[in-house]
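J.: Provided below for reference: sequence and predicted model.
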Amino acid sequence: MARVILFNGVGSVGKTSLARAVQDAAAVPLLHVQMDAFLDMLPAREYEQLRDLVLVKKDDAAIAQLVHGIRMRMNPHPAGQMTHNVPRVNDAPLKGLQHKYKETVLFFPSAGQTCHAYCTFCFRWPQFVGMEEMKFDARECTGLVAYLATHPDVTDVLITGGDPMIMNTRSLAEFIEPLLAPELAHIQNIRIGTKSVAYWPQRYVSDKDSDDLMRLFERVVKSGKNLALMGHYNHAAELRQPIAQQAVKRIVGTGATLRMQGPLIRHINEDPNSWAELWTTGVRLGAIPYYMFVERDTGPREYFALPLARAHEIFQAAYSMVSGLSRTVRGPSMSAFPGKVVIDGVVTINGEKLFALQFLQARNPDWVRRPFFAKYDPDATWLDHLKPAFGRKKFFFEGGEDGHDVHAGAPGRVIPIVPAQAQVQTHDRRASDTQPDAA
């Protein structure tokens, strides 16, 4: 049962101080939310329009139309998820699947498309808000298994959501156990993306089927495959509670691995000490620090996003505080349209201040670990804000004026950077299309 403590009063009477005192004294973690934060997540004009429709005109149809327009402006399912990531068989899209990188297929079971937490900054928000025409979900895994059987180059399946760990163990097993079949021997890693390790660790400790869940994990490991939980942590406080630490120990005790990842979020986890504490605590418990992500170009990102320069400073400061065992973490990383781009540093070359970047993963495997440079921009918060260095007109992965790779001169797949607003327009045009394109 959720508990809500409401402090009401005029400005500057001590509500924030009182809330922080209650947080410090409470036996369990309490989230402090100020109502002003919600107002700041919408531009003033949109808020005023919505307030007028709800409180004055009370026009349900107009409210729905305005809300839809706001959602489409917020760039749902960014980075080509609907237009480029959905695989096709016999010219028909496979429902509930994405295949962006050669080695990894994403699977969205319909029973796992809710979550223990509904984070305002979650880039999967279109899965939760009733936009059925844009929802990724599959009611069964027969399509997934058939697709994997014809793609022997796929080694990893990421079961994602929502949060698959919202399912009971029996339902989860129905999606996992078919992946253990001999004909899918090329599948080496089964990943589960989940927030539950931080938000509902009881799932692994005291839920009525938590022991059954541990036995399922053990069966996967015994089959010879690696089971990796991709645990989403937003703050060190999420791993301070004894039950959260017990959950980690129970998971790794089955032979599964727990990899820790999370976005860097303004107002929430800008302190490098928090990241260092999270990584070192996780390593002590047997988890593996994996990614610090840049807040994605979707949702109310203007409220949550940090400049890339600041993101690099925070990552570097946190990284410098930890031992080598925690330095498995990578970041800050942008999951952009062409691939995962990490900011390696800020450098000066020939008197020009630059961002040093590289792909950790890419639509074109030839781009992986290939360094490139962008002009330093203290205000940029995403890849499409950056300009190529050294007077170039385009980045190498965008192609030259003739459509060829500008560095090597060899023909290759060209992936232009599409600004978020253009992506929104693309989504809007296809909002009623139930057959999204895929590459």
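T.: Looks like it arrived, so ask away.

J.: could you pull out the helices in the stretch 101-250 of the chain for me?
T.: Here the stretch 101-250 of the chain has its helices, by DSSP state H, counting those that start in this stretch, at 142-149, 169-176, 196-199, 202-205, 210-222, 242-253.

J.: now the ones you listed as JSON lines including mean pLDDT?
T.: Converted to JSON lines, the helices of the stretch 101-250 of the chain look like this (pLDDT from 0 to 100):
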{"stretch": "helix 142-149", "mean pLDDT": "95"}
{"stretch": "helix 169-176", "mean pLDDT": "98"}
{"stretch": "helix 196-199", "mean pLDDT": "96"}
{"stretch": "helix 202-205", "mean pLDDT": "98"}
{"stretch": "helix 210-222", "mean pLDDT": "98"}
{"stretch": "helix 242-253", "mean pLDDT": "98"}
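
J.: columns mean neighbour count and distance to residue 3 on top of those, output as JSON lines?
T.: C-beta coordinates here come from the backbone N, C-alpha and C atoms, glycine included. JSON lines is the format used below for the helices of the stretch 101-250 of the chain (neighbours: other CB atoms under 10 Å; distance: least, CB to CB, whole Å):
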{"stretch": "helix 142-149", "mean neighbour count": "17", "distance to residue 3": "39"}
{"stretch": "helix 169-176", "mean neighbour count": "18", "distance to residue 3": "28"}
{"stretch": "helix 196-199", "mean neighbour count": "24", "distance to residue 3": "15"}
{"stretch": "helix 202-205", "mean neighbour count": "21", "distance to residue 3": "16"}
{"stretch": "helix 210-222", "mean neighbour count": "17", "distance to residue 3": "23"}
{"stretch": "helix 242-253", "mean neighbour count": "18", "distance to residue 3": "17"}
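
J.: make CSV out of those and add distance to residue 36.
T.: Output for these, formatted as CSV (distance: least, CB to CB, whole Å):
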stretch, distance to residue 36
helix 142-149, 44
helix 169-176, 39
helix 196-199, 24
helix 202-205, 32
helix 210-222, 39
helix 242-253, 29
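
J.: ok, which of those comes nearest residue 128?
T.: Nearest to residue 128 among those is helix 196-199; the distance by CB to CB comes to 14.3 Å.

J.: ok so, going back, nearest to residue 123 among the helices of the stretch 101-250 of the chain would be which one?
T.: Short answer: helix 196-199, nearest of the helices of the stretch 101-250 of the chain by CB to CB, at 16.5 Å.

J.: let's see that closest one as PDB, backbone CA atoms only.
T.: Output of helix 196-199 as PDB, limited to C-alpha atoms (Å, rounded to 0.1, in the frame of the first residue of the first chain):
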ATOM      1  CA  SER A 196      12.200  -4.100  -9.800                       C
ATOM      2  CA  VAL A 197      15.600  -4.600  -8.200                       C
ATOM      3  CA  ALA A 198      15.500  -1.000  -7.000                       C
ATOM      4  CA  TYR A 199      11.800  -0.400  -6.700                       C
END
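
J.: and stretch 61-81, which residues are buried?
T.: Using 16 or more other CB atoms under 10 Å as the test for burial, stretch 61-81 gives 66, 70-72, 74-81.

J.: run a quick neighbour tally on the closest residue to residue 112 other than its chain neighbours.
T.: Computed as CB to CB, 6 or more residues apart in numbering, the closest residue to residue 112 that is not its neighbour in sequence is residue 164, at 3.7 Å. By other CB atoms under 10 Å, 26 other residues sit near residue 164.

J.: is it true that residue 164 touches residue 192?
T.: Yes. Counting by CB atoms under 8 Å, residue 164 touches residue 192, with 5.4 Å between them.

J.: strands along this protein, start to end?
T.: In the chain, the strands defined using DSSP state E lie at 88-89, 92-93, 97-101, 104-107, 156-159, 189-194, 226-232, 257-264, 288-294, 330-335, 339-349, 352-362, 371-375.

J.: a markdown table please, covering the ones you listed and showing mean neighbour count, mean pLDDT and distance to residue 242.
T.: Below are the strands of the chain laid out as a markdown table (neighbours: other CB atoms under 10 Å; pLDDT from 0 to 100; distance: least, CB to CB, whole Å):
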| stretch | mean neighbour count | mean pLDDT | distance to residue 242 |
| --- | --- | --- | --- |
| strand 88-89 | 14 | 86 | 48 |
| strand 92-93 | 12 | 88 | 45 |
| strand 97-101 | 22 | 96 | 37 |
| strand 104-107 | 22 | 97 | 33 |
| strand 156-159 | 22 | 98 | 28 |
| strand 189-194 | 22 | 98 | 20 |
| strand 226-232 | 22 | 98 | 17 |
| strand 257-264 | 23 | 97 | 17 |
| strand 288-294 | 23 | 98 | 21 |
| strand 330-335 | 23 | 97 | 28 |
| strand 339-349 | 18 | 97 | 34 |
| strand 352-362 | 19 | 97 | 34 |
| strand 371-375 | 17 | 97 | 44 |
